[in-house]
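below are the sequence and a predicted model for it; my questions follow.
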Amino acid sequence: MGSEAPAADMFKCPVCNGNVKTGPDDVVITCTYCGGTTTIEGKAIGDHLMASAVDADERRAGFQQFLDKNKGMNKSLVKDAQIVENQLIYVPVWTAKVKADSYYKGYKTVQVPVQKTRTVRDSDGNTRTETYTDYETGYVPVQDELHTDTHEPMLARKGARFYGLEDYLKDVKPEKGIPYNFEAIKDLEPVMLNAEIGQEEFEKAIHGRVADNHRATAASGLA
């Protein structure tokens, strides 16, 4: 008698054999039972980092501090605000250290002053020649280089911009992370969002982002 196949929206964890519910776009799965993180093909994700978790009381206190700090935005909101859900959620983020070098040369447009003469007539009908300064477009050769040495983060959720999650990318610093350890956070019952963007797609996107930034910077230098 053959074994029953898992449902289409379920992923069998290759670490603990647990059935994990997945979304249609999930490509990197974190098991809700053992915390194992693998690609949808079952390939293990290597060492990675996570943000330090805080318990419900600390999250509530942090939210209250945020409201107190921003009382000017809406006093009635601060006064009447009630927390109806206090859930720890881990959002997947790819990050890479990027070193890129670009060299460019071209011509920058400038306005060149040119001395010209013209004939003018006064109120008595007398004419005279005067000199004036006009400006013509000229071109100056430009040659420069650009260097990038940064950490480039990218939220691994396709709806990140829609939900406003991209605003938090500025706070994603690899040096602030700690080694991923599901055992240390599982008692907090976290929601582990799966990644909808894989490593290959991320690397391609970051390559394009850095290249676009270099092109834009070079273009501004040639304007």
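Noted; the coordinates are in hand.

element containing H151?
Secondary-structure assignment from DSSP states H and E places H151 in strand 127-155.

mind listing what's buried in that strand?
Under the neighbour-count criterion of 16 or more other C-beta atoms under 10 Å, strand 127-155 has L146, E152, P153, M154, L155 buried. C-beta here means a position set from N, CA and C on the backbone, and glycine is covered the same way.

show me what whichever helix or strand comes after that strand is packed up against.
Where DSSP H and E defines the elements, the next helix or strand beyond strand 127-155 is strand 178-179. Contacts defined by 3 or more C-beta pairs under 8 Å, 6 or more residues apart in numbering; DSSP states H and E place strand 178-179 against strand 49-50.

what packs against the strand it packs on?
In this structure, strand 49-50 packs against strand 178-179, with contacts taken as 3+ C-beta pairs under 8 Å, 6+ apart.

averaged pLDDT, the strand it packs on. What do you get?
Average pLDDT, strand 178-179: 94.

partners of that strand, with directions?
Here strand 178-179 is paired, per DSSP bridges, with strand 49-50 (antiparallel).

other residues contacting the strand it pairs with?
Y90, P174, G177, I178, P179, Y180, N181, I185 (C-beta atoms under 8 Å, 6 or more residues apart in numbering).

quick check, nearest of those residues to V114?
The closest of the contacts of strand 49-50 to V114 turns out to be P174 (C-beta to C-beta; 55.2 Å).

so D187: helix, strand or coil?
helix (DSSP: H, G, I helix; E, B strand; the rest coil).

so what's it up against?
Taking C-beta under 8 Å, 6+ apart, one finds nothing in contact with D187.

pretty sure K204 is in a helix, no?
Yes. Counting by three-state DSSP, K204 is found in a helix.

quick one on the thing from earlier: in CSV, list the buried residues of strand 127-155 along with distance to G138 and pLDDT.
Below are those laid out as CSV (distance: C-beta to C-beta, whole Å; pLDDT from 0 to 100):
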residue, distance to G138, pLDDT
L146, 25, 94
E152, 38, 92
P153, 43, 92
M154, 42, 92
L155, 46, 92
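
wait, which of the residues you listed is closest to T119?
Closest to T119, out of all of those and judged by C-beta to C-beta, is L146, at 50.5 Å.

K99 is in contact with that closest one, correct?
No. The criterion here is C-beta atoms under 8 Å, and L146 misses it with K99 at 11.7 Å.

what about the residue of the chain most remote from its centre, helix or strand, and which?
The outermost residue of the chain, judged against the average C-alpha position, is D124 (70.8 Å), by C-alpha atoms, centre = their mean. Under the criterion of DSSP H and E, D124 resides outside all helices and strands.

next: R118.
Assessed by DSSP H and E, R118 sits inside strand 93-121.

wait, V210 sits on V98?
Yes. Using C-beta under 8 Å as the test, V210 is close enough to V98 to be in contact (5.6 Å).
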